[in-house]
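[1] My questions concern the predicted model and sequence given below.
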4 protein chains.
Amino acid sequence: MKLAFVGLGRMGSAMARNLLRAGHEVTVCNRTREKSEALSGDGARIAESPAEASRGCEAVLTMLADDSAVEEVVFGRDGVASTLAGTHFSCSTISTAMARRLAAEHASRSQGFASACVFGRPDAAEAKKLIVVAAGRPELVEHFRPVFDAVGRQTFVAGAEPWQANAVKLCGNFMIAAMLEAFAEALATLRKAGVDPHLFLDTVSALFASPVYANYGRIMADEQFTPAGFALTLGLKDVRLVLETAQECAAPMPLASLVRDHLLSAVANGQADLDWSSLARVAARNAGL
Amino acid sequence: MKLAFVGLGRMGSAMARNLLRAGHEVTVCNRTREKSEALSGDGARIAESPAEASRGCEAVLTMLADDSAVEEVVFGRDGVASTLAGTHFSCSTISTAMARRLAAEHASRSQGFASACVFGRPDAAEAKKLIVVAAGRPELVEHFRPVFDAVGRQTFVAGAEPWQANAVKLCGNFMIAAMLEAFAEALATLRKAGVDPHLFLDTVSALFASPVYANYGRIMADEQFTPAGFALTLGLKDVRLVLETAQECAAPMPLASLVRDHLLSAVANGQADLDWSSLARVAARNAGL
Amino acid sequence: MKLAFVGLGRMGSAMARNLLRAGHEVTVCNRTREKSEALSGDGARIAESPAEASRGCEAVLTMLADDSAVEEVVFGRDGVASTLAGTHFSCSTISTAMARRLAAEHASRSQGFASACVFGRPDAAEAKKLIVVAAGRPELVEHFRPVFDAVGRQTFVAGAEPWQANAVKLCGNFMIAAMLEAFAEALATLRKAGVDPHLFLDTVSALFASPVYANYGRIMADEQFTPAGFALTLGLKDVRLVLETAQECAAPMPLASLVRDHLLSAVANGQADLDWSSLARVAARNAGL
Amino acid sequence: MKLAFVGLGRMGSAMARNLLRAGHEVTVCNRTREKSEALSGDGARIAESPAEASRGCEAVLTMLADDSAVEEVVFGRDGVASTLAGTHFSCSTISTAMARRLAAEHASRSQGFASACVFGRPDAAEAKKLIVVAAGRPELVEHFRPVFDAVGRQTFVAGAEPWQANAVKLCGNFMIAAMLEAFAEALATLRKAGVDPHLFLDTVSALFASPVYANYGRIMADEQFTPAGFALTLGLKDVRLVLETAQECAAPMPLASLVRDHLLSAVANGQADLDWSSLARVAARNAGL
């Protein structure tokens, strides 16, 4: 297919490269041109603007930092919406409100729109092991399944409304955040009980048999919060977004509120740029450690 | 070795049977004699009281419901403490305060004592797949390692103080409780968002790749809370115990407090005998579902 | 002084009337003209638009429902900002972010701006017993003190930045929300303990000797949540706003989060239009009542 | 009447003195004899033990630190229960479980028992301005009303079961704790907003018109947490007790849980002996202050 890809951070670059490897024709675009050039060796064409990238393509995928970046790339000057004739797949972790706005605006321009959120760290993206959660008009999602298959190992369809995929993505991240908070509290108590954090990590890893527990547990037991795999401020952004979604649905999520407050305390105590698993330090401080 | 086993619920019976299979000589004792008789076919000798079971054995293992059952079996009339010359291994999920009391009382009688807590449901116990978390004097724990190997697939040593194993056990159960609460809140929001709970379960199972998430997630997505794999009141007991341990350590565990309050709300709304994953109903009610 | 007043709900009408009584020349404006006409008997001149009301006046006071109403009245077509040469006093309970935006926009138009938030129910407004919390440039606030004196019994100055008054107003409302939650939880427990809610109300009233406790306590003990003195959705809005302010300041407010979640649960259970003290029902439901 | 009074801390001494002033014949008893001697000038007779004090009196009042002190004074060697023929009024802030146990034990000895809890600081006790919350058999409570009138300004009757008065007392203290937490969070946010804490205190005092808000607010705005009017550890004890009562009633009190966790964090950070309003420091730390 003739595709465009806008937003070449570590995640986006890896996804675009996998699309090229799968034989798709991909035009790329990024705020800083270096990232685009790094992909030209893989066969990517380089566009100077989202508008140029989108012109004439069957689908444009965007992988951006947040709502405001999406706003600018799609609706800004020389944005995607100004030239797109095909479908826009939003892969970014954005608010459900923004996803609904994208759906409405694209519809008013007779452009297709769907969400295609992804779970996985950059190394999973490179290894084509992302989990894709898509949502949108069924024919649309079905038609573009080869695109999803090119970037991930498994695709789940959350519903016919694009924002439903964003809700699932935010709730999935919330599940990880909840795990971090639980680890943080247990480790604080056990440290004060004189138990080696690694002993607990090993026990929990055996209990859950999950790489997510093993990986994050190790970071927390080692207290190795730099370099940040996922910066605490990004985690705070995601937890705020899940709370906004919950509010739209009139569904309280008190555990999300609790994590939000602890992440905020972390920011107030200088941890903004650490890995979000440094939630452990908040629990530790509250325990006088 | 010459062993005794007191407390033949589903967990205890399975553990005692595995001790017999490993070639140990085991005398069993239970409040109701039927459970003991069921094991005599496997070669168990039957004792009429904990005192009789403990007499002359190298180690007695107890697997009981709670602190007060342990109190009665150990210090009550015809209790373990009245005849024991060897070592008492407490496998029950009890308070750290009770574990410290057991350590002190047995020491004053020149009896050995250690904790050997276990993770796993009855089917894991039958399959010899429990995770054992032991704590106590290192020589003691080392000497009895074959006993632990006979009931579990892996043994972790939490420290030299018996109660440290209980702290790890309670914190491990808390990790599961936290996962249940996170699932409960995410599912309530997603139900109101019109997303199929099974879609979310599948996504989260792919994300965490953990059988614990898959199993509990299925129960919650199916809303199949009877028969209870682990009754909600037992879950409430365990969360209360971890909060007591945290209080002894002067370490707040606000997520445990939150789960405690929700389990209490579940009890108040008639869910005492359902599986503890029926925490999902509390979140659902709070969302008006 | 020559003043304008925009927004004639129960609070605004009472405040405008007191300004007239104090001898000020007041032009009024309201979305629906009936409210304006009701004040013409007190000497008010009626304007057809905020722009017309603001033209030539020394100060315009606005008393509106929320951020978006303020946005429209001030910056919309025929809005305050299009004609104002004097100072805008915002009395509405709005976000600190909106107050900062108003300050910046008015400054860019060489218009004065300050916040003059008020505490008190409509009957207190009628009786000239409001508490005024003002913030802005000191000379400005000082110059208009007679205006504040005409509507309230006491004026506090929160700082030189207008949004600081909004922060104080939101935190003050939060203090009331916290009291409601405390009452709600205590009453649920005591009802289940078989204690008469009125007995507790009388005790607490004697203890705190505060009319706020006595009034809200009576509503809660009587479970008389209609007609709503202050609708639950408005309470939810205010608690959300204090959380936004706290987030801007990087200061967690977990009690505000808790109240937010309970108000959201109330909305999800059909209580949107009841008095916000119907928080009592959320605690009652959670206790199985 | 012929009365006995056991427990002569600052509260107890003031109450015993007021009983003497009202013309009652009072025998006093305290662990350290100095406190008893200080009352002999007011006409008190001194007993060497609770048993001696209780012998032959119509009622014995106890005002002690906690459950275990009550346990010892009443059921210990030379305790109240060994000689009492009249009625025991427990004024201490104890658990509802302990109150039920006292009721059962005294009943089994054909002794009367009722709770007579008090609200107020030592200076209120001296000024005979306590609020008394009594509960027990109606005739009993009615008969001894002159005793209550001699120590307080107002008496409320919570029910026919003594423990109901304890539930009311614990819930009353919880209302104060909730106010402290609300103040703590609001002050942390406002400090970061650059607002003077005293400005907020003045506003809130005007809003609630309550001496409790004014007094505690001043301590918090001044950050003057020593000497402790009410030590943080005692506050923690009371909040734990209200949570136990709530648990007995199957009524969650999430705000009490939150305050409990923050008081625990305060203890972990060295604030055990400060006034419990130093909750403000917990909120401040969480905000990075």
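    Ah, there it is. Numbers count the residues shown, from 1 in each chain, chains lettered A, B, ... in the order given.

[2] Select the longest helix from chain A.
    helix A:162-192 (DSSP state H).

[3] quick one: the strands in the stretch 1-150 of chain A?
    Assigned by DSSP state E, counting those that start in this stretch, the strands in the stretch 1-150 of chain A fall at A:2-6, A:25-29, A:45-46, A:59-62, A:87-90, A:112-119, A:130-135.

[4] now those as a markdown table including distance to chain D?
    (Glycine included, C-beta is placed from N, CA and C.) Formatted as a markdown table, these follow (distance: least, C-beta to the nearest C-beta, whole Å):
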| stretch | distance to chain D |
| --- | --- |
| strand A:2-6 | 37 |
| strand A:25-29 | 39 |
| strand A:45-46 | 44 |
| strand A:59-62 | 35 |
| strand A:87-90 | 35 |
| strand A:112-119 | 31 |
| strand A:130-135 | 32 |
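
[5] Pipe those strands into a markdown table and attach distance to D:Ser110, mean neighbour count and mean pLDDT per row.
    Shown next, in a markdown table, are these (distance: least, C-beta to C-beta, whole Å; neighbours: other C-beta atoms under 10 Å in any protein chain shown; pLDDT from 0 to 100):
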| stretch | distance to D:Ser110 | mean neighbour count | mean pLDDT |
| --- | --- | --- | --- |
| strand A:2-6 | 87 | 25 | 98 |
| strand A:25-29 | 91 | 24 | 98 |
| strand A:45-46 | 97 | 16 | 97 |
| strand A:59-62 | 82 | 26 | 98 |
| strand A:87-90 | 78 | 27 | 98 |
| strand A:112-119 | 70 | 26 | 98 |
| strand A:130-135 | 71 | 27 | 98 |
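
[6] would you turn those into JSON lines with distance to D:Asn30?
    As requested, those are exported to JSON lines (distance: least, C-beta to C-beta, whole Å):
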{"stretch": "strand A:2-6", "distance to D:Asn30": "80"}
{"stretch": "strand A:25-29", "distance to D:Asn30": "83"}
{"stretch": "strand A:45-46", "distance to D:Asn30": "89"}
{"stretch": "strand A:59-62", "distance to D:Asn30": "77"}
{"stretch": "strand A:87-90", "distance to D:Asn30": "74"}
{"stretch": "strand A:112-119", "distance to D:Asn30": "67"}
{"stretch": "strand A:130-135", "distance to D:Asn30": "70"}
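
[7] hang on, the earlier thing: which SSE is immediately downstream of the longest helix of chain A?
    Tracing the chain past helix A:162-192, the next element assigned as helix or strand by DSSP states H and E is helix A:197-208.

[8] any idea of the angle that next one forms with strand B:112-119?
    50 degrees (axes from the mean of the first three to the mean of the last three C-alpha atoms, to 10 degrees).

[9] Tell me the helices and strands packed up against helix A:197-208.
    helix A:162-192, helix A:211-222, strand B:112-119, strand B:130-135, strand B:152-159, helix B:162-192, helix B:211-222 (3 or more C-beta pairs under 8 Å, 6 or more residues apart in numbering or on different chains; DSSP states H and E).

[10] Kindly calculate the angle that it makes with helix A:211-222.
    Using the same axes, to 10 degrees: helix A:197-208 against helix A:211-222 is 170 degrees.

[11] Which positions in helix A:197-208 come out as buried?
    Neighbour-count burial for helix A:197-208, counted by 16 or more other C-beta atoms under 10 Å in any protein chain shown, picks out A:Pro197, A:Leu199, A:Phe200, A:Leu201, A:Asp202, A:Thr203, A:Val204, A:Ser205, A:Ala206, A:Leu207, A:Phe208.
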